[in-house]
Every structure is written in C-alpha cells, then in structure tokens.
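Participant: Using only what follows, build the 3D model:
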Amino acid sequence: MRELLSVEEVQALGEHIAEQAVHLDAAMHRLLADLRTFDEAGGWYRQGFGTCAHWLSWRVGWDLGTAREHLRVARALHTLPQVSEALSAGQISYSKTRAITRVATAATEAVLLGYSQHCTASQLETVCRKVGVLGADAASKATRPHDSERYVAHTTTASGMVCVKACLRPDEAALLLQVLQQAAVDCTRAPADVSAEVADVSADVSAPAERATDASAETRSLATTTTTRRPYNRAYAPGPARARRARLS
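Facilitator: Numbers count the residues shown, from 1 in each chain. Here you go, the predicted structure:
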C-alpha cells in the first residue's frame, strides 16, 4: 500500500524535483553549446556522416526530427545572448527556449523572456506562434513594392504543417491553382490509370515495328517483279520502297 507523505515531505519533494529540473536545463545549455561547436567544426563529416542530424541519430540515439530541432536551437542561441544566459542559469526551461528561438530576434528576445516568466510552455508556444504570424505579415509588407500587393508568405504551425498565404494577380493565381490541382490529381491517381498509360505507350512502341514489317514485305514483292536481265540488288530497289525505308530508319 502506498505510504502517504506529510505536507512537509510533499513540499520538500516538490522543491527537489524543481531543483533537478533546473540542473537539467543548465546541462542542456552546455550540451547545445558543445553541439553547436561540434557542428561548426564539421565533426560529423569527419566521422563519415552526411549531416550532423544523422550523426546525432547514430551517436546519441535521437530520431532525426529531434536531432534537427536541437541543432536549430543550438544555432539560434548563438544569436540570442539573453535567452542563452537564461537557459544556462536554469531560469527558463528547454521547452520555453525552443519556443522563443523560433521567432525571437535580438530586438524581441527580452520581451519574449518577460512573457516566459509568467506563462506555461504551452501558453508561450501560442504567444510565439502569433508573433511569428505578425512578423511574417510585416516582413511581406516591407519587402514588396509599394505599387504592388503581390506576395507569398508561409509559416509553420505547431503541428509542423506549413501554412501558405499569397496575394497574386488573377493570371498568376490561376496558374498556381492549376499546378496545385494537377499535383492533387497526380497524388490520387488510381493504379488503373497508370496501367492504361503504360499500355498506350507499349502500343505506340510496337507500331513502328509493325510498319517496318509491312515495308519489308512490300520491298520483297517489288523485288520479285524485277526483270531477269538484271540481278536484284538492294541498292537498286524501286524508288517508293527505298524512300519508305529511309523514313522508317
């Protein structure tokens, strides 16, 4: 039977868990710093791997998605000194750091750090996602010409899907929709359609061979009608057959 803990013991255990979490976050900062140095030095390449993520998958046991995400955070921390220092001191968790590094810049990291002190990691994810959307809209307005409203912007959702937003001229939009519709058709085509196309191609390939057979038969027929005063020579076959063979070749 589970032994009940006193109020004081529960309080002490909770503090101990929180303290260990701080140490884990600080250790994660050291790991990310070493990882960035290893990546920049090309250590993964020297050990025969195509990417650092694949090396991490082999050496550390992470899946490729986890490896790439840690690499992204490690690289971002190099450009966000305040966030890096907060993680190093265990003031924010790795989960919050991961959310902030998706959208933070040197100008906004302090504001996002302030938010991180007053919300959960899940709430901070929502805040950063909205900041990212606003940043993408502002960037698109700043980069497109004043005399044109044409732009294409995309953002990554929390689930990893990509949301694309575009403002195009009617002809450009029609072309884009046509390409997307064709791509959708290609992705959902039944195997029977592919088999039918293969059969059509096979028929087209066999047609020249049949025509060549007919031409050879006609050539032999013409050869038999040649007079006996002159032996048959392929080079002197009658004109129509010679011309037809030339076209076939």
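Participant: following the helix or strand encompassing A33, which helix or strand comes up?
Facilitator: A33 belongs to helix 7-40 when assigned by DSSP states H and E. Note on helix 7-40: by DSSP H and E, the next helix or strand toward the C-terminus is helix 43-46.
Participant: what packs against that next one?
Facilitator: helix 52-59 (3 or more C-beta pairs under 8 Å, 6 or more residues apart in numbering; DSSP states H and E). To be clear about C-beta, it is placed using only N, CA and C from the backbone, and glycine gets the same treatment.
Participant: Which strands or helices does the next helix or strand after the helix it packs on pack on?
Facilitator: Next helix or strand after helix 52-59 toward the C-terminus (DSSP H and E): helix 64-77. Applying 3+ C-beta pairs under 8 Å, 6+ apart, one finds that helix 64-77 makes contact with helix 7-40, helix 52-59, helix 81-88, helix 94-103.
Participant: Dump the ones you listed to CSV, plus mean pLDDT and distance to Q182.
Facilitator: Output for the helices and strands packed on helix 64-77, formatted as CSV (pLDDT from 0 to 100; distance: least, C-beta to C-beta, whole Å):
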stretch, mean pLDDT, distance to Q182
helix 7-40, 96, 39
helix 52-59, 97, 33
helix 81-88, 97, 44
helix 94-103, 96, 33
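Participant: what's the most buried one of these?
Facilitator: Highest mean neighbour count among the helices and strands packed on helix 64-77 (mean count of other C-beta atoms under 10 Å): helix 94-103, with a mean of 22.
Participant: three-state assignment of G48?
Facilitator: When classified by DSSP: H, G, I helix; E, B strand; the rest coil, G48 comes out as coil.
Participant: Could you tell me the average pLDDT over stretch 184-192, please?
Facilitator: Averaging pLDDT along stretch 184-192 yields 71.
Participant: Use 27 as the first number from now on
Facilitator: OK, 27 is where the count begins now, so the last one is stretch 210-218.
Participant: Turn the helices and strands packed on helix 90-103 into TSV, columns for distance to L202.
Facilitator: Below are the helices and strands packed on helix 90-103 laid out as TSV (distance: least, C-beta to C-beta, whole Å):
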stretch	distance to L202
helix 33-66	37
helix 78-85	32
helix 107-114	38
helix 120-129	27
